[in-house]
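Engineer: Need the 3D shape of this:
(10 chains)
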10 protein chains.
Amino acid sequence: MTREELTAKILDAKRKKGLSWKQIAEAVGPGSPILYTAALLGQMTLTKEEAGKLAKFLELDESEVALLAEPPYRGSLPAVPPTDPLIYRFHELVQTYGTTWKALIEEEFGDGIMSAIDFDMEISREQNPKGDRVRITMSGKFLPYKRY
Amino acid sequence: MTREELTAKILDAKRKKGLSWKQIAEAVGPGSPILYTAALLGQMTLTKEEAGKLAKFLELDESEVALLAEPPYRGSLPAVPPTDPLIYRFHELVQTYGTTWKALIEEEFGDGIMSAIDFDMEISREQNPKGDRVRITMSGKFLPYKRY
Amino acid sequence: MTREELTAKILDAKRKKGLSWKQIAEAVGPGSPILYTAALLGQMTLTKEEAGKLAKFLELDESEVALLAEPPYRGSLPAVPPTDPLIYRFHELVQTYGTTWKALIEEEFGDGIMSAIDFDMEISREQNPKGDRVRITMSGKFLPYKRY
Amino acid sequence: MTREELTAKILDAKRKKGLSWKQIAEAVGPGSPILYTAALLGQMTLTKEEAGKLAKFLELDESEVALLAEPPYRGSLPAVPPTDPLIYRFHELVQTYGTTWKALIEEEFGDGIMSAIDFDMEISREQNPKGDRVRITMSGKFLPYKRY
Amino acid sequence: MTREELTAKILDAKRKKGLSWKQIAEAVGPGSPILYTAALLGQMTLTKEEAGKLAKFLELDESEVALLAEPPYRGSLPAVPPTDPLIYRFHELVQTYGTTWKALIEEEFGDGIMSAIDFDMEISREQNPKGDRVRITMSGKFLPYKRY
Amino acid sequence: MTREELTAKILDAKRKKGLSWKQIAEAVGPGSPILYTAALLGQMTLTKEEAGKLAKFLELDESEVALLAEPPYRGSLPAVPPTDPLIYRFHELVQTYGTTWKALIEEEFGDGIMSAIDFDMEISREQNPKGDRVRITMSGKFLPYKRY
Amino acid sequence: MTREELTAKILDAKRKKGLSWKQIAEAVGPGSPILYTAALLGQMTLTKEEAGKLAKFLELDESEVALLAEPPYRGSLPAVPPTDPLIYRFHELVQTYGTTWKALIEEEFGDGIMSAIDFDMEISREQNPKGDRVRITMSGKFLPYKRY
Amino acid sequence: MTREELTAKILDAKRKKGLSWKQIAEAVGPGSPILYTAALLGQMTLTKEEAGKLAKFLELDESEVALLAEPPYRGSLPAVPPTDPLIYRFHELVQTYGTTWKALIEEEFGDGIMSAIDFDMEISREQNPKGDRVRITMSGKFLPYKRY
Amino acid sequence: MTREELTAKILDAKRKKGLSWKQIAEAVGPGSPILYTAALLGQMTLTKEEAGKLAKFLELDESEVALLAEPPYRGSLPAVPPTDPLIYRFHELVQTYGTTWKALIEEEFGDGIMSAIDFDMEISREQNPKGDRVRITMSGKFLPYKRY
Amino acid sequence: MTREELTAKILDAKRKKGLSWKQIAEAVGPGSPILYTAALLGQMTLTKEEAGKLAKFLELDESEVALLAEPPYRGSLPAVPPTDPLIYRFHELVQTYGTTWKALIEEEFGDGIMSAIDFDMEISREQNPKGDRVRITMSGKFLPYKRY
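Structural biologist: Modelled structure (predicted):
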């Protein structure tokens, strides 16, 4: 079984049971629902314990539990740039603001990068009379180019 | 004169005068330094007033002021995926979390997108004993697919 | 079951029953036949009610109804540019007139975009002695780049 | 002189004289402002008479007039998919609705295409209390696959 | 059943029965063998009558008859440029002579294109003592860019 | 001087002198105007004698004459697939009919190709009350795969 | 059955029987082992007689014999440039020496090409105390650009 | 000065002096004319002595001599696959015979590659009454995958 | 059975038995665990003896043993650049330091390459109070461009 | 002045003065010659002090000193995969061993990556009677995926 097949199986089970990502996340553990959702979509790992809870909830077998605990070959997009409009807007932000992020982060922190590994993120709803807004907060460790 | 030539001229002037983006932004107006930096890098527009102030500060001529007030052909990356590591990390976030963002935003808001046009952003330093962190907060209006 | 498999199943059923898109649209609801066709081709969502009516008409099961109500991963083209001549002509219009649309919309509305989300469209036949014409009317909300 | 250089020269002249596309179109002739703008952006041809009027208005020489009357090598986008958000939204419409257009046009007209050559288009502002809308009307001759 | 699967089935039947394209074309109708071959390879449509004759000849079912009468998603090449040498030579002709065709057709006819839809073609053997030659005659309606 | 620069110079001279390709071809020699046009567009070679006649007609120097007699690095399209509609239609023919040409040529001639080198071509106008047609006749030597 | 499936079946049979390409070639006929190997890998055709001998040797059925005698859709590489190091080195030779081959062949033969169709090749081992060498000899008919 | 500019200068000098590659090679030294031609086209290095002789012959300065002795950034093709027909035929050979070469070299030598670095090549004319042939002989050291 | 299917089967067996790569490598033989892991992932060959030991350990059949001893079609990445962050970092090193490696290796060794075939590698953990480090040591034979 | 122009200027100065990278590195400071070479090739930053020393050595002006201290837009390869054989071999290592590195690093360290930012490297000559070897030692901090 490949990780893609497992993701498809999980999506089928979620649909059949009428579950939301939030409900699944609550069943899996107290951790970040973003991380859990990413793991179920084949991009992050669960601990064996979390995978075990999921297995009970969605009727997965032992081998599938083991697969969920293995680091996956990451990359969730079938094509680049992404064709899906919701995801494309993030690609557009990188296209439009990429050099600006580079300029301002380097001015503030020096030569280096924002880590996408030692990284945390939150998504929330921002109430707004003109139309609610999606609020995403990212926090990544700054890693300077080291000299040895 | 193309917008790319104007950006190159602005970068040269910034280097020769030893200015930071923050100093230039303060000279241009009270608006967002991210927006001003993006405009100077050829991705956003300045108002005529802002462009005028910049012109005095960096010795630009009238035609260059007019160019800064025109909507540019956006797209700041010489190649996709971006080869620069700082910018690539953002591309990697889209690759790793794109489908997760889609899943969670649609669960919360319904079928639609987060606007990259009616959009706001902040970048700041997050003090941390294990190494300071880059904090980016994005807020985009949710746009539902409308039916007519 | 993936959305692509569901689309294939719907196309098979349509062919076996000898139905037109118009007939299917009428069975699904009073909404836009364009939107319904797009949904059946895996690009838009149906409401649960609409999906339920379709299910009866085309003998789909409950899980397939749920899938039709989920936002799909959009993108209907197997390759870009599209190889099919009918669809390529639209790609050609973007190639030929893209910069013209940008110039004229920005001159009329300012810096921003025409939304492809808050968007409506009609297709009709235009009688013409020299050969009938396809008439497509698009209407999308203008979204200005906002400043915060 | 290449057509690209001529387009750049026209854009510079337009900026220096503070002209709008509408003003230029009025100077060129009674034809469609969309067609005139496309021609000035290097995608369509002007008649010699129109090119002559433009030449007086923007101070072009005879050889430039001749160039404006030559069919250009069409294709206005520096990359596909286009990185500019305004133009990308049209690309997105082709991605999302391409197969739908194909299905509905073929159902109505039979096997064939909508011509992008025997083609006409209008752009206008649609007043709307929730935010004005961009209205684009396209009309292209239907061309059936002929049998000989 | 997809059109690709139907094409594969037709190729299998042709091989098992030891038929030539010419024999199949004669069974299908009095029309162009090129058009019939293209239809069987998934690029053109047959009339219901033609498809019916083919069905008897190759033992296809009703649903397959219906599929042959539907406009296919055209595009017969697994990759561009084509890797097959016979087909690549045509690609090479477009590469080498494309701009020449453009120059000479526009000089003779004005700004416009040769239609690939209102189009006819013949292939024949040209006897030649130095080695027989393939003769291809194409005839496409000239479509001028129209102004409205 | 590169061949591209020479082509640009020839196009400029042609425009300034108001010449047609036909007139230039007549000045160059009695050979095929298609071949001459292709040579001037940087895709074919002229004999020294032909290049010499052209040089007098268009005021080229000796080194440019030598360049016109050198085999060029062929390939006339800035991008594949070509964005120009006139040239794209030929690409579309390869896309739609490529596998059909392969099937029918191989059925008639056996395993091999139609040469694009030992190749001849004519373009002419076909008078037609429904609209004149472009007629292109190609003739290429059939080259069988040889066994040694 | 596609040609790819047949190739896979032949590779399986070869492995199970522990055969070498040389042994298979000897069973097929007196022709070039390179040509036979290429045919079994789906790139060349066998005569019916050769295919018949192979069928007995590897237990293929009649339809598979017919398939081996059909000209295949050529192109043996899953990606370009090829990722396999042995094959990539040949790609590298084209990259490094392509323009040199062009310069020297044209200087010796005039404007034209070396045929890849009327073409022969041998591969052999060259004994060498510093390490044996692979020797490849290619011989292709020179085809001059003809004028008509 | 870049290596590309030096190559262009050498090509101009060669054309103005009416020299052949053979004449230049003889002036440079007793080595392989293929290697010398490749070096002048920017793909190989000359020794300082050879570069010095060339410099006298073609009037190059000291800095250009130094550049000819530096290993260049190799890669002679403006696009892959190459658009020039002469060079494309070699690409086609890799496409058609790549997997065959792999199969036969590995059968004879074991797992490894033919070196494109410890490599030698000759090009010659093969007289043939049916049309002369290009003969290319390649010899590359076999390098087995080593185990440590 | 293809090599990809065999790799999938090995990964499944490894997961079900809860084995590490190290444990498998120890069962296969005394050679390099990197080489063994690469072989099991479809990129290197095992000797028949090693493949035999593996077969007992993981319950593979004779045909699978033979497949493991065949040189595979190498290339382990589903896309280039790789989307997986761990592997991408190595791609980034090539992007950032490629020209530096070229400059320094050529300065030290002359014109040539570091072999990726006569090549050895070790991976180890480097204890470090600020966070352990991955240490990779590569050693490849220098191969100079030879002259003949 | 762009960074690419500065790199070209530095390469010209290095060639004219007959300097090696080692000599330049010694003039710049006591740091890693790899880092200094990478900086001069436009991929790393120098401190102002180092850039100042370089300026004296190679006669650069103040503005060029400032440019060398700015983080560059990284990415040293004109195309991916790289066409230069020396650099391609590293790309080949990523292609062949990428999934192996992933498997073994994750087995040893858990889910995470080897940093290409907090990274160090050495290149040296390994004496060997069968031919000297290039030895490259890389050491990058392991960064685990963190959970917050």
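
Engineer: Mind telling me what element the residue most central in space within chain A is part of?
Structural biologist: The C-alpha lying nearest the average C-alpha coordinate of chain A belongs to A:Ala38 (C-alpha atoms, centre = their mean; 3.9 Å). Secondary structure assignment for A:Ala38, by DSSP states H and E: helix A:33-40.

Engineer: For that helix, name the packing helices and strands.
Structural biologist: For helix A:33-40, the contact count by 3 or more C-beta pairs under 8 Å, 6 or more residues apart in numbering or on different chains; DSSP states H and E identifies helix A:21-28, helix A:48-58, strand A:112-126, helix B:85-109 as packing neighbours. Yep, even glycine has a C-beta here, placed from its N, CA and C like the rest.

Engineer: ok, the longest one near chain C or not?
Structural biologist: Right, the one you point to is helix B:85-109. Yes - residues of helix B:85-109 contacting chain C under C-beta under 8 Å from any C-beta of the partner chain: B:Thr99, B:Lys102, B:Glu106.

Engineer: coming back round to it: now do the same contact list for the residue nearest to the centre of chain A.
Structural biologist: If you count contacts by C-beta atoms under 8 Å, 6 or more residues apart in numbering or on different chains, A:Ala38 has them with A:Met44, B:Thr96, B:Tyr97, B:Thr100.

Engineer: buried residues in stretch A:121-130?
Structural biologist: Applying a neighbour-count criterion of 16 or more other C-beta atoms under 10 Å in any protein chain shown, the buried positions in stretch A:121-130 are A:Met121, A:Ile123.

Engineer: tell me which of the residues of helix B:85-109 next to chain C is nearest to chain G?
Structural biologist: Sorting the residues of helix B:85-109 next to chain C by distance to chain G puts B:Thr99 at the head of the list, at 25.0 Å, by C-beta to the nearest C-beta.

Engineer: Hmm, that closest one is touching A:Ser76, no?
Structural biologist: Yes - in this structure B:Thr99 lies within contact range of A:Ser76 using C-beta atoms under 8 Å: 4.2 Å.

Engineer: which residues are common contacts for these two?
Structural biologist: With contacts defined as C-beta under 8 Å, 6+ apart, the residues adjacent to both B:Thr99 and A:Ser76 are A:Leu41, A:Gln43.

Engineer: Check the helices and strands packed on helix A:33-40 for me and report the most buried one.
Structural biologist: Per-stretch averages of neighbours, counted by mean count of other C-beta atoms under 10 Å in any protein chain shown, single out helix B:85-109 among those, with a mean of 23.

Engineer: Could you check that helix against chain I for contacts?
Structural biologist: Yes - for helix B:85-109, a contact with chain I is found by C-beta under 8 Å from any C-beta, at B:Pro85, B:Tyr88, B:Glu92, B:Gln95, B:Thr96.

Engineer: rewinding a little: please tabulate the residues of helix B:85-109 next to chain C in a markdown table, including the columns distance to A:Ile10.
Structural biologist: Output for those, formatted as a markdown table (distance: C-beta to C-beta, whole Å):
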| residue | distance to A:Ile10 |
| --- | --- |
| B:Thr99 | 13 |
| B:Lys102 | 15 |
| B:Glu106 | 17 |
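
Engineer: near chain E, from those?
Structural biologist: Restricting these to contacts with chain E (C-beta under 8 Å from any C-beta) yields no residues.

Engineer: any residue of stretch A:51-66 up close to chain I?
Structural biologist: Yes - where contact is defined by C-beta under 8 Å from any C-beta, part of stretch A:51-66 touches chain I, namely A:Ser63, A:Ala66.

Engineer: first to last residue in that stretch, what's the distance?
Structural biologist: Start-to-end span of stretch A:51-66 (C-alpha to C-alpha, to the nearest Å) is 8 Å.

Engineer: From the chain's centroid, how far away is it?
Structural biologist: In terms of C-alpha atoms, centre = their mean, to the nearest Å, the centre of stretch A:51-66 is found 20 Å from the chain centre.

Engineer: tell me the mean pLDDT for it?
Structural biologist: On average, the pLDDT along stretch A:51-66 is 97.

Engineer: go on, stretch A:129-148?
Structural biologist: Averaging pLDDT residue by residue across stretch A:129-148 gives 96.

Engineer: And for stretch A:37-46?
Structural biologist: The average pLDDT within stretch A:37-46 is 98.

Engineer: in that stretch, what counts as buried?
Structural biologist: Here stretch A:37-46 shows A:Thr37, A:Ala38, A:Ala39, A:Leu40, A:Leu41, A:Gly42, A:Gln43, A:Met44, A:Thr45, A:Leu46 as buried, counting by 16+ other C-beta under 10 Å.

Engineer: returning to that earlier point: for G:Gly31, see how far away the residue nearest to the centre of chain A is.
Structural biologist: Distance, A:Ala38 to G:Gly31, by C-beta to C-beta, to the nearest Å: 57 Å.

Engineer: sorry, back to before: looking at the residues of helix B:85-109 next to chain I, spot the one nearest chain E.
Structural biologist: The shortest separation between chain E and any of the residues of helix B:85-109 next to chain I is 24.5 Å, and it belongs to B:Gln95 (by C-beta to the nearest C-beta).

Engineer: Now do the same contact list for the closest one.
Structural biologist: B:Gln95 is in contact with A:Arg74, A:Gly75, A:Ser76, A:Leu77, A:Val80, I:Thr83, counting by C-beta under 8 Å, 6+ apart.

Engineer: Also within reach of chain D: list those from the residues you listed.
Structural biologist: Here nothing survives when the contacts of B:Gln95 are matched to chain D using C-beta under 8 Å from any C-beta.

Engineer: can you list the residues you listed in TSV and add secondary structure?
Structural biologist: Putting those into TSV (DSSP: H, G, I helix; E, B strand; the rest coil) gives the following:
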residue	secondary structure
A:Arg74	coil
A:Gly75	coil
A:Ser76	coil
A:Leu77	coil
A:Val80	coil
I:Thr83	coil
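
Engineer: which of these lies closest to B:Ser20?
Structural biologist: Closest approach to B:Ser20 among the contacts of B:Gln95 (C-beta to C-beta): A:Val80, at 33.6 Å.

Engineer: In contact with that closest one, which residues?
Structural biologist: Applying C-beta under 8 Å, 6+ apart to A:Val80 gives the contacts A:His91, B:Val80, B:Pro81, B:Gln95.

Engineer: ok, for the residue of chain A at minimum distance from chain I, nearest residue in space, not its chain neighbours?
Structural biologist: Closest approach of chain A to chain I (C-beta to the nearest C-beta) occurs at A:Gly75, with a separation of 2.7 Å. Of all residues beyond its chain neighbours, the one nearest A:Gly75 is I:Thr83 (2.7 Å), with distances taken as C-beta to C-beta, 6 or more residues apart in numbering or on different chains.

Engineer: And for A:Arg133?
Structural biologist: On the basis of C-beta to C-beta, 6+ apart, the spatially nearest residue to A:Arg133 that is not a chain neighbour turns out to be A:Glu126, at 4.0 Å.

Engineer: Give me the nearest residue to the residue of chain A most remote from its centre, chain neighbours excluded.
Structural biologist: What lies farthest from the middle of chain A is A:Tyr148; by C-alpha atoms, centre = their mean that is 33.6 Å. With sequence-adjacent residues excluded and distances taken as C-beta to C-beta, 6+ apart, A:Tyr148 is closest to J:Asp120, at 3.9 Å.
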